[in-house]
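could you work out the structure for the sequence below:
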Amino acid sequence: MYRRDGVKRVTILDGAYLVDPQALEQAVGGLGPQVSWFADMTEVIRHAPQSRELGARAVALAAERGVGRVALDDVQLCAPMLPSTILCAGSNYLSHNAEKAGSDTSGKEPEFFLKTADCVVGPHDEIVHDPVLTRKLDGEVELGVVIGKPGRHIPRERALEHVFGYTIVNDVTARDRQVRFRPDGSSWYELGRGKVFDTSAPLGPYIVGAEEIPDPQGLGIRSWVNGELRQNSNTAQMIWSVAELVHVFSINLTLRPGMVIITGTPSGTAWSTDKELGGKWSGGNGIVPASGYLRPGDLIECEVDGIGRLRNRVAGA
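Here you go, the predicted structure:
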């Protein structure tokens, strides 16, 4: 999505250009009234596969007529969607579990918490560092799964049929709000205040259709802070696969078009170097240990193979 004349528009990435179906229809016609779906990403998702076919027609027509296209470098992208609900699976990589203080359920089942559309910001938007909320702001690169087909009690073997596509989400976390210790030294997580706050879910830059990523369990996943490689893994290292997470979350809720599941993060977070909160640095895969948590001015970049790179600068409150 990008903003045109103060209004957000759904577009289709075509090489170095964005194709705007609504602008194309206004200029030359040929797409019909269904082009109105492209005013809202959830409508595009809800009307798939027809919207995919319409999008392909728009790309071909834009190339033929030379209109309805805008250079990607000339616009600032918005978050590609504002999910109705973000279903979050914590502790889903063994490497991340090994680097942190574990809760009672770490590694035994997906840690289930929620974020909302109020947490979402787009690529290049700022992550706000609010010292009243936290002194230990951390980032986590995660594969985001965009639900396309509704369902409840979805079996694992049919789960990927309910996926519209994939994106990137940075699960920004207030570690000093998340981690709590009991008198005996054991820990538990407060996943409300530790995870759900303004700008805690940068999302984007694109949604890539599921047909372009037939196997979500073979994607490289990485993050950088100020150019230093902090996380470097592969979605093959998930404890619970995308299909298993779709199945598990559908037991609790009817999954609906426009919901997003985020799937956990690998090792390399700043938490791993924080002994006060039970961190245990392990390294590997060329990653660099954090010298501290995120601070105003830092640039955090999150990347998943086949989707792109999500960049956000940290700013003071």
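
list the buried ones in the lowest-mean-pLDDT helix or strand in the chain?
Lowest on mean pLDDT, DSSP states H and E among the helices and strands of the chain sits helix 94-98, with a mean of 81. Of the residues in helix 94-98, 95-97 count as buried by neighbour count, 16 or more other C-beta atoms under 10 Å. For every residue, glycine as well, the C-beta is placed using N, CA and C.

and what of stretch 142-160?
Neighbour-count burial for stretch 142-160 [16+ other C-beta under 10 Å]: 142-149, 151, 154, 159-160.

ok, back up a step: Leu229: which of the buried residues of helix 94-98 is nearest?
Within these, proximity to Leu229 (C-beta to C-beta) peaks at Ser95, which comes in at 14.4 Å.

let me see the contact set for that closest one.
233, 237, 266-267, 282, 284 (C-beta atoms under 8 Å, 6 or more residues apart in numbering).

which pair in the residues you listed spans the largest distance?
Going by C-beta to C-beta, the pair spanning the contacts of Ser95 furthest: Gln237 and Ser282, at 13.3 Å.

specify the local secondary structure of Ser84.
coil (DSSP: H, G, I helix; E, B strand; the rest coil).

nearest residue to it other than its sequence neighbours?
Among residues not flanking Ser84 along the chain, Gly258 sits closest, at 5.1 Å (C-beta to C-beta, 6 or more residues apart in numbering).

right, and the one you found touches Leu87 too?
No - under the criterion of C-beta atoms under 8 Å, Gly258 is not in contact with Leu87, lying 11.9 Å apart.

can you pull out the helices in this structure?
21-28, 41-46, 50-65, 94-98, 175-178, 242-252 (DSSP state H).

these two touch, right, Val196 and Cys119?
Yes - assessed by C-beta under 8 Å, Val196 is found in contact with Cys119 at 6.2 Å.

distance to Arg135 added to the helices of the chain, as CSV?
Below are the helices of the chain laid out as CSV (distance: least, C-beta to C-beta, whole Å):
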stretch, distance to Arg135
helix 21-28, 45
helix 41-46, 35
helix 50-65, 45
helix 94-98, 21
helix 175-178, 6
helix 242-252, 31
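
list the beta-bridge partners for the residue nearest in space to the middle of the chain.
For the chain, Val169 is the residue whose C-alpha lies nearest the centre (C-alpha atoms, centre = their mean; 1.9 Å). Listed by DSSP bridges, the beta-bridge partners for Val169 are Glu142, Leu203.

returning to that earlier point: check the helices of the chain for me: which has the lowest mean pLDDT.
When those are compared on mean pLDDT, helix 94-98 scores lowest, with a mean of 81.

distance from stretch 145-164 to the middle of the chain?
17 Å (C-alpha atoms, centre = their mean, to the nearest Å).

find me the pLDDT at the residue nearest to the centre of the chain, would you?
At Val169, pLDDT is 98.

residue contacts, it?
86, 142-144, 201-203, 260, 262, 302, 310.

how about those residues in a markdown table, adding distance to Leu245 and pLDDT?
As requested, these are exported to a markdown table (distance: C-beta to C-beta, whole Å; pLDDT from 0 to 100):
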| residue | distance to Leu245 | pLDDT |
| --- | --- | --- |
| Ile86 | 13 | 98 |
| Glu142 | 11 | 98 |
| Leu143 | 10 | 98 |
| Gly144 | 11 | 98 |
| Ala201 | 17 | 98 |
| Pro202 | 20 | 98 |
| Leu203 | 17 | 98 |
| Val260 | 11 | 98 |
| Ile262 | 9 | 98 |
| Cys302 | 19 | 98 |
| Leu310 | 20 | 98 |
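
export those as CSV, with columns for distance to Val225.
As requested, the contacts of Val169 are exported to CSV (distance: C-beta to C-beta, whole Å):
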residue, distance to Val225
Ile86, 23
Glu142, 16
Leu143, 19
Gly144, 20
Ala201, 18
Pro202, 14
Leu203, 19
Val260, 24
Ile262, 19
Cys302, 10
Leu310, 13
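
which of the residues you listed are buried, as a PyMOL select command?
Buried residues among the contacts of Val169 (16+ other C-beta under 10 Å), as a PyMOL selection:
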select buried, resi 86+142+143+144+201+202+203+260+262+302+310
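
from the contacts of Val169, pick the one nearest Val44.
Nearest member of these to Val44, counting by C-beta to C-beta, is Val260, at 14.4 Å.

was I right about that closest one contacting Glu142?
No - using C-beta under 8 Å, Val260 makes no contact with Glu142, being 10.1 Å away.

circling back: could the buried residues of stretch 142-160 go into CSV alongside distance to Val10?
As requested, these are exported to CSV (distance: C-beta to C-beta, whole Å):
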residue, distance to Val10
Glu142, 23
Leu143, 21
Gly144, 17
Val145, 19
Val146, 13
Ile147, 17
Gly148, 15
Lys149, 19
Gly151, 24
Ile154, 26
Ala159, 26
Leu160, 23
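
among those residues, name the ones in strands.
142-147 (DSSP state E).
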